[in-house]
Every structure is written in C-alpha cells, then in structure tokens.
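Participant: coordinates only, no sequence provided:
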C-alpha cells in the first residue's frame, strides 16, 4: 500500500528566509502525481504545487519549488522569501493513476508539517 | 465561480444519530471525493463519486454512504454516529487537465462534533 511520511511535525522560518519541508513516500508504481497542499486556519486545502512522476524537471510555482528524487521517493518543498501568509499546515499528497490514465484523486496524505513564519 | 461549497460548516450530533453533509462541486467538475480529517491528522479518503456512482472507496465502514446527483452535487451520510466520527469532513471536486492529470479543489469542510 502506498504511504506518505512527513517527518517534521513543525517548522519555523524567519520572514524573507527560505525553508524546506520534507516528504517521503512509498509506492511500487512508476507513474503517479505528487502534490503539496496548504491548509490555513480557514481549513480549506489549497494546492501549492504538483509534480508528475514521469517528468524529471522539478516543478516551480513562483516562490515555491520542489526537489523530486524519484529513485529515493523523496518530494521536498522549498519556500523562498517566506511571507507571513505562508504560515499554515502543509500536506504532501500522493495521487495514484487510473488504469486508463489520469489521476484517481484518491489522495493519500501525510500527517502534515505546521509552518510558522516569524516576523 | 463559487468553487467547492460545503454545508453546513459546523454540526453537533449525538452518538447514535445520523448525519448528512452536502457538497456542491466547482463548476464544470463531475467527480466528487470525500475525506475525513481527524484533529492533527492528514485527510483520509472515504469514497469518490463519478457519474452518480461510487467509483472508489477507502477503508471506511458501511455506516458511511454517499450519493451523487445529476447536477454532480453530492451527499455524505453517516449512520449510527460514534464519538470517533468527530472530524473535519472535506469534499473535493476534480477537473481533468491536459495530458490526463486531474487536480482536486477542496471545499472549506464541515466540522462534525459527536457528543
């Protein structure tokens, strides 16, 4: 069974600094999707960034980037120039594929990392 | 576009009762997934509805059931509530992206408290 592990329950970063959140996963599949979601106190899950496993290039979205190491089954999130609004719970999620292609959206989440941003 | 909307936002029920939670997907989406998020945990997949049928199911008992309507909105029903059912229930709707990938958009959730 696929599993997702986030080993950092809490992290803290100074405003304008860079922080990296770790995520490892376990799967026997070769194709899948990986996501980072942000959950602020408002509770709504917001997609931060996604990575297709067949793409070797690491995904980037503005200040957010990932370091995807497929062989090591590692998927870390780097937040550059941290802002106060980045403070939230961050979840790493694995998304298996349907037999005929496309993601199942049967997301498997890690336990999350609570990020605090210090002014 | 209102995005994914869930109702109610908060709910308090007594052990043994039944509850129905509702979800309206993002405009144009046809797939709805439900998740249970216990306090301090990541969301756990309950089930997914596509074209009014349950397409996938997680490891949840039959007390958890659902329905999808022709307009793609969905309901989650939980019977014989237990204290352990207290959680945030999240609904997510899906959009097919170019290349076959999909992206899940989440609602703000329903906080269910069982007393």
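Facilitator: Arrived safely. Worth saying up front: this structure is predicted, and the values here are computed from it rather than measured.
Participant: count the residues that sit near residue 59.
Facilitator: Using chain A here. 20 (other CB atoms under 10 Å in any protein chain shown). The way it works is simple: take the backbone N, C-alpha and C, and place the C-beta from them, glycine included.
Participant: my question was about chain B, not that one.
Facilitator: A count of nearby residues for residue B:59, using other CB under 10 Å, gives 8.
Participant: thought residue B:112 was touching residue B:85?
Facilitator: Yes: taking contacts as CB atoms under 8 Å, residue B:112 lies within contact range of residue B:85: 6.6 Å.
Participant: pLDDT-wise, which helix or strand of chain B ranks last?
Facilitator: Ranked by mean pLDDT, DSSP states H and E, the weakest helix or strand in chain B is strand B:102-106, scoring a mean of 83.
Participant: so which elements touch the strand or helix carrying residue A:49?
Facilitator: Using DSSP states H and E, the element containing residue A:49 is strand A:46-52. Identification of packing neighbours for strand A:46-52 by 3 or more CB pairs under 8 Å, 6 or more residues apart in numbering or on different chains; DSSP states H and E yields strand A:33-39, strand A:60-61, strand A:64-69, strand A:74-79, strand B:102-106.
Participant: 6 Å - rerun?
Facilitator: Using 3 or more CB pairs under 6 Å, 6 or more residues apart in numbering or on different chains; DSSP states H and E, the elements in contact with strand A:46-52 are strand A:33-39, strand A:64-69.
Participant: tell me the buried residues in that strand?
Facilitator: Of the residues in strand A:46-52, A:48, A:49, A:50, A:51, A:52 count as buried by neighbour count, 16 or more other CB atoms under 10 Å in any protein chain shown.
Participant: what about the residue nearest to residue A:73 when sequence neighbours are not counted, distance to chain B?
Facilitator: Excluding its sequence neighbours, the residue lying closest to residue A:73 (CB to CB, 6 or more residues apart in numbering or on different chains) is residue A:25, at 5.3 Å. According to CB to the nearest CB, to the nearest Å, residue A:25 and chain B sit 12 Å apart.
Participant: okay, and the beta partners of residue A:25?
Facilitator: residue A:4 (DSSP bridges).
Participant: contacting residues for residue B:93?
Facilitator: With contact set as CB atoms under 6 Å, 6 or more residues apart in numbering or on different chains, residue B:93 has these partners: B:4, B:25, B:26, B:29, B:32, B:105.
Participant: nearest to chain A, out of the residues you listed: which one, please.
Facilitator: residue B:105 (7.6 Å; CB to the nearest CB).
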